[in-house]
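Visitor: please find the sequence and the predicted model below.
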Amino acid sequence: MLADVGRRSGRARLGEAQPDGVVDGARHLGVRGVGEDAGVPSLLQTAVDLARTGGLVSLLSFLAQPATINAARWLAKEMTVIASNAFTHDDFRRSMTFLADGRIKAGPLHTRTVSLDRLEATLRELSAGPSDDIKVLVDPRTPAGA
């Protein structure tokens, strides 16, 4: 079971295939793996808190500011934390294979697409506070006002 720490919300986002209550259960047992990819420093500790003992946290975003962590909690939970700011061609090929054969479902992660002329307003909305958006894509081909 994988969780993705949600953008600006501090909540775990789980794929559609996950049963109801998994996030609540994650607070008690934890999930096997949690990815922090929003770039929000406080969510690094949230990711560790959501993972089970012996779990894995992957930091896949650039944190523009220092993150405060509870190292004692990391140690007590025997966490494995991996960080990456780049990927190899093999990583990309493997990811595309997982998407193609259905092992990863990207649909639940994509919340909306905006036109290029809506980019600035969308970034302002996202930075203003909590949002239900997980992944917002920008389509430069979309006509203005769409």
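Guide: Arrived safely, thanks for sending.

Visitor: and the strands in this structure?
Guide: 2-5, 12-13, 31-36, 51-59, 80-83, 110-115, 135-139 (DSSP state E).

Visitor: dump these into a markdown table; add distance to I104 and mean neighbour count as well.
Guide: For every residue, glycine as well, the C-beta is placed using N, CA and C. Listed next are those as a markdown table, based on distance: least, CB to CB, whole Å; neighbours: other CB atoms under 10 Å:
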| stretch | distance to I104 | mean neighbour count |
| --- | --- | --- |
| strand 2-5 | 9 | 22 |
| strand 12-13 | 14 | 22 |
| strand 31-36 | 12 | 21 |
| strand 51-59 | 14 | 18 |
| strand 80-83 | 17 | 14 |
| strand 110-115 | 12 | 14 |
| strand 135-139 | 13 | 14 |
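
Visitor: lowest average pLDDT across those?
Guide: Ranked by mean pLDDT, those bottom out at strand 12-13, which scores a mean of 41.

Visitor: now the strands of the chain as a markdown table including distance to R93?
Guide: Below are the strands of the chain laid out as a markdown table (distance: least, CB to CB, whole Å):
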| stretch | distance to R93 |
| --- | --- |
| strand 2-5 | 20 |
| strand 12-13 | 26 |
| strand 31-36 | 19 |
| strand 51-59 | 18 |
| strand 80-83 | 19 |
| strand 110-115 | 21 |
| strand 135-139 | 21 |
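
Visitor: for these, which one sits closest to T97?
Guide: Smallest distance to T97 across the strands of the chain (CB to CB): 16.8 Å, for strand 2-5.

Visitor: and stretch 107-121, how far apart are its ends?
Guide: End-to-end distance for stretch 107-121: 24 Å, by CA to CA, to the nearest Å.

Visitor: repeat for stretch 111-126
Guide: First-to-last residue span, stretch 111-126, CA to CA: 12 Å.
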